[in-house]
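>>> below: sequence and its predicted model.
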2 protein chains.
Amino acid sequence: MVDIAARVWNHKWKIDPIVRSLIDTDFYKLLMCQSVFRNRSDTRVTFSLINRTKDVRLAELVDEGELREQLDHIRSLSLSRGESTWLRGNTFYGKRQMFRPDFMEWFEGLRLPPYELEKKDGQFELTFEGAWPEVMMWEIPALAVLMELRSRAVLKDLGKFELQVLYARAMTRTWEKVERLRAIDALKLADFGTRRRHSFLWQDWCVQALQEGLGQAFIGTSNCLIAKNRDLEAIGTNAHELPMVYSALADSDEELAQAPYKVLADWHEEHDGNLRIILPDTYGTVQFLKNAPDWLAGWTGIRIDSGDPAEGAETAIAWWKARGEDPRRKLIIFSDGLDVEKIVELHDRFAGRARVSFGWGTMLTNDFRGLVPGDGLAPFSLVCKAVSANGRPTVKLSDNPRKAMGPEDEIARYKRVFGVGAQDEIEVVV
Amino acid sequence: MVDIAARVWNHKWKIDPIVRSLIDTDFYKLLMCQSVFRNRSDTRVTFSLINRTKDVRLAELVDEGELREQLDHIRSLSLSRGESTWLRGNTFYGKRQMFRPDFMEWFEGLRLPPYELEKKDGQFELTFEGAWPEVMMWEIPALAVLMELRSRAVLKDLGKFELQVLYARAMTRTWEKVERLRAIDALKLADFGTRRRHSFLWQDWCVQALQEGLGQAFIGTSNCLIAKNRDLEAIGTNAHELPMVYSALADSDEELAQAPYKVLADWHEEHDGNLRIILPDTYGTVQFLKNAPDWLAGWTGIRIDSGDPAEGAETAIAWWKARGEDPRRKLIIFSDGLDVEKIVELHDRFAGRARVSFGWGTMLTNDFRGLVPGDGLAPFSLVCKAVSANGRPTVKLSDNPRKAMGPEDEIARYKRVFGVGAQDEIEVVV
């Protein structure tokens, strides 16, 4: 039976919107937004899109008009009543009323602020300026829109059967990964793939595949909309954005050295249990842990997001031991550049020595490598970062110099202040 | 949007019928049926199901009650008005009114005759007895029902995503074959996969894949229903059934020796052009051609359906030359055990030396090899053959002794009458 109404409805679309909800975003953005709303709501920030994969010439692939339509559509979104009810009433990380009434009221009134868009050297220069709590909510939808517009640009010349077979191949590949992961005893794995997803529908499919294929080993998704729709746990804690902005706001080297700990002190006040996860690599993991206050060693776990992940985990375990903590009761979350091989390897090495879980991103929701001629659907490294705060540039070092960002002199200053020496370069694929 | 009506409709089904139309059958059955209706309508025949792959224990896999329901459903079918209009009004092989009014009237009144079903040694003994034109119409639906019930039996324990991935894999595999075939210059290929198909919907998908992927190289399908629905050429000429029954009816060795030629003399009277295709292997190709009357060398082409196909084609080319015919104007149709490798190989060898086309069957519509544990969906060799005519057993020798059938003493007699010596054994996979 042809569903005439559905078909007519589809023909009525002026555009096919990619992001259709303000909660089609990562859960940690909401947690951080609430924290920023409470502690730093008057900070002015600039976020910029940065394509680290220069040979993907986005502005030549994607029509500027289409991009504007998608971004304008996002600016028209506001929280729906059902979304608000879910955020207000749902239990997150075992806690009721995670989001306070004053924050929810603000969020219900939120419309995303304007964007600036230009083309340069085959890339889009897309920036967002304004109050931190508002601007920060652009990050994930901006990335998702660009990733999916790029997919659509590559897919638009394929025939009906080529499309069907393309997705058949991608499904087969994903399911083979699920089957390998299923063999891992006591695996804990979450979807972290919103920002780099091939498309919304594809992320949703991947999440369902993990639900059916992994059962209890699949602990949830970072995507709030999918978590809500599929009755899953929303997963996430905090990100580099917080220490980067706090650090940019520091008025002296002494304040700068303390800024990353100040972030976690604010967090400590607000959250407990599994939300107390250290993200140590913004300005180098080793020095960060060495200089950390003792109360931080009492936190539940650590997230390893750059550098060699096994080395990062060993550093954390040694640090906990040095501070008199039992690593076996600590949680290590791996979230950088994961695919099945790496997950298996890390699980084998650390299971039993600590509690281990995985935030699987790009290679879950965007592994279309090799599926079209010229590899035009291969994932690439697109980020959207806070580049300045109250007029001062931000800096990120991380445990991989290729992920460093900020003005050169500021990078040098941060390296000095945080005592970061030579670092191993690691190729950034995604 | 959920299509509530479709969902309620689906829940109302008592069974999900596999064969839903009397023209969900091979085109050559209709051509042969008309010939039989005209020339031998009072012949009484018995058709039997024969599973040449003994280790597929059909009666242990497939529920007898379900099989009866499916067969009973087929007995309830009659030609619809649209089907009748299509058969009466359509052009087949460039000819209008291929089916004569008296045949069409008979066909419009046709209901398939009763069946006999028993279980023995893990197999079904399924037989059909009655007037030849009626009984012969059971062959294809009986095979299609058993093939698809076997698929369903194996699929019934798979989860939703396992099913989706299974078909994703099968689609990927089929499309890879299409991509390889697309590279062949001036390919001519038809779907001959009805009888061994994984399922009706799968055959229909494969046909559409060939339509989109091969374009003009895809010349049509043997399945009348799909040809009608998809506006394709219906393809097919005649089969072993005719010489087998004609031979069984022969009253002497001399008559027997002439029977296969008598079949083609009747055909010659009725058809011309691309329908004049010799099927020479029923009692051995070499002797058949050697003893053939000269008018047969004037026919358009030959179908190679057993034995080594290259050898069969060389035999035909040599025979045409010996009879003063130009092989480059002749058509060689390969239709036995084809897959992409074999198609490429035969095309490379014979293109230019003759007109070449391919009737691709089982490995088009049922290549699910290796896709479930235990290989439970691998195709197998199921046939439904005329085993007797007017109380006398039929015999088939073919160019591969493993495909021979009939009582031993009769096989020996036929070998003597047709002068068939030693033959190479070739494994029968499908």
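Happy to help now that I have it. Residues are numbered from 1 along each chain as shown, chains lettered A, B, ... in the order given.
>>> downstream of the helix or strand encompassing A:Gly65, the next helix or strand is which one?
Using DSSP states H and E, A:Gly65 falls within helix A:64-75. Beyond helix A:64-75 on the C-terminal side, the first helix or strand identified by DSSP H and E is helix A:81-89.
>>> same for the helix holding A:Gly65, what does it pack against?
strand A:115-120, helix A:139-155 (3 or more C-beta pairs under 8 Å, 6 or more residues apart in numbering or on different chains; DSSP states H and E). To be clear about C-beta, it is placed using only N, CA and C from the backbone, and glycine gets the same treatment.
>>> close to chain B, is the longest one?
Meaning helix A:139-155. No - applying C-beta under 8 Å from any C-beta of the partner chain, one finds helix A:139-155 out of contact with chain B, separated by at least 15.6 Å.
>>> in the helix or strand following that helix, what's buried?
Of the helices and strands lying after helix A:139-155 in sequence (DSSP H and E), the nearest is helix A:160-182. Under the neighbour-count criterion of 16 or more other C-beta atoms under 10 Å in any protein chain shown, helix A:160-182 has A:161-162, A:164-175, A:177-178, A:181 buried.
>>> look up the closest residue to A:Trp319, ignoring the ones flanking it.
In space, and not counting its chain neighbours, A:Trp319 is closest to A:Leu289: 4.5 Å by C-beta to C-beta, 6 or more residues apart in numbering or on different chains.
>>> contacts only, for that neighbour.
Going by C-beta atoms under 8 Å, 6 or more residues apart in numbering or on different chains, A:Leu289 touches A:280, A:315-316, A:319.
>>> using PDB, list the CA coordinates for the helix or strand containing it.
Take DSSP H and E as the rule and A:Leu289 turns out to sit in helix A:285-290. Listed next in PDB are the C-alpha coordinates belonging to helix A:285-290 (Å, rounded to 0.1, in the frame of the first residue of the first chain):
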ATOM      1  CA  THR A 285      48.100  14.700  31.200                       C
ATOM      2  CA  VAL A 286      51.300  13.900  33.000                       C
ATOM      3  CA  GLN A 287      51.800  17.400  34.500                       C
ATOM      4  CA  PHE A 288      48.100  17.900  35.100                       C
ATOM      5  CA  LEU A 289      47.900  14.800  37.300                       C
ATOM      6  CA  LYS A 290      51.200  15.400  39.000                       C
END
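>>> which ones among the buried residues of helix A:160-182 also lie next to chain B?
A:161-162, A:164-165, A:167-169, A:171-172, A:175.
>>> strands of chain A, start to end?
Taking DSSP state E as the criterion, chain A carries its strands at A:44-51, A:115-120, A:123-131, A:189-191, A:218-221, A:277-278, A:301-304, A:331-334, A:355-360, A:382-389, A:392-393.
>>> same list (these) but as TSV, adding mean neighbour count.
Shown next, in TSV, are the strands of chain A (neighbours: other C-beta atoms under 10 Å in any protein chain shown):
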stretch	mean neighbour count
strand A:44-51	20
strand A:115-120	13
strand A:123-131	18
strand A:189-191	26
strand A:218-221	24
strand A:277-278	24
strand A:301-304	24
strand A:331-334	23
strand A:355-360	23
strand A:382-389	21
strand A:392-393	16
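>>> with distance to chain B and mean pLDDT as extra columns, can I get these in a markdown table?
A markdown table is the format used below for these (distance: least, C-beta to the nearest C-beta, whole Å; pLDDT from 0 to 100):
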| stretch | distance to chain B | mean pLDDT |
| --- | --- | --- |
| strand A:44-51 | 31 | 97 |
| strand A:115-120 | 33 | 97 |
| strand A:123-131 | 34 | 98 |
| strand A:189-191 | 15 | 98 |
| strand A:218-221 | 12 | 98 |
| strand A:277-278 | 31 | 98 |
| strand A:301-304 | 29 | 98 |
| strand A:331-334 | 25 | 98 |
| strand A:355-360 | 17 | 98 |
| strand A:382-389 | 27 | 97 |
| strand A:392-393 | 47 | 98 |
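>>> and the pLDDT for A:Met1?
The per-residue pLDDT reported for A:Met1 equals 65.
>>> so what's A:Asp424 up against?
Going by C-beta under 8 Å, 6+ apart, A:Asp424 touches A:307-308, A:400.
>>> which parts of chain A belong to which domain?
Domain ranges of chain A: A:4-158+A:378-393, A:165-366, per the TED database.
>>> just give the number of residues close to A:Ala318.
Look at A:Ala318: counted by other C-beta atoms under 10 Å in any protein chain shown, it has 13 neighbours.
>>> looking at chain A, which helix or strand does the model trust least?
Every helix and strand in chain A was compared by mean pLDDT, DSSP states H and E; the lowest is helix A:4-12, with a mean of 78.
>>> pull it out as CSV, backbone CA atoms only.
The C-alpha coordinates for helix A:4-12 follow below in CSV (Å, rounded to 0.1, in the frame of the first residue of the first chain):
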residue,chain,number,x,y,z
ILE,A,4,-0.1,8.8,-0.1
ALA,A,5,-0.1,11.2,2.8
ALA,A,6,3.5,10.5,3.7
ARG,A,7,4.5,10.9,0.1
VAL,A,8,2.7,14.3,-0.3
TRP,A,9,4.2,15.4,3.0
ASN,A,10,7.7,14.6,1.8
HIS,A,11,7.2,16.6,-1.4
LYS,A,12,6.1,19.6,0.6
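>>> can you tell me which helices and strands it packs against?
Going by 3+ C-beta pairs under 8 Å, 6+ apart, helix A:4-12 lies up against no helix or strand.
>>> chain B versus the residue nearest to A:Trp319, what's the distance?
Taking C-beta to the nearest C-beta, to the nearest Å as the measure, A:Leu289 falls 41 Å from chain B.
>>> hmm, back to that, angle of the helix holding A:Gly65 against strand A:115-120?
Put simply, helix A:64-75 runs at 160 degrees to strand A:115-120, going by axes from the mean of the first three to the mean of the last three C-alpha atoms, to 10 degrees.
>>> quick one: A:Ile219 and A:Ala234 touch, right?
No - using C-beta atoms under 8 Å, A:Ile219 is not in contact with A:Ala234, being 10.6 Å away.
>>> which parts of the helix holding A:Gly65 are buried?
Quick answer for helix A:64-75 (16+ other C-beta under 10 Å): A:67, A:69-71, A:73-74.
>>> can you list the residues of the stretch 151-300 of chain A near chain B?
So the stretch 151-300 of chain A meets chain B at A:159-162, A:164-165, A:167-169, A:171-172, A:175, A:208-209, A:212-213 (C-beta under 8 Å from any C-beta).
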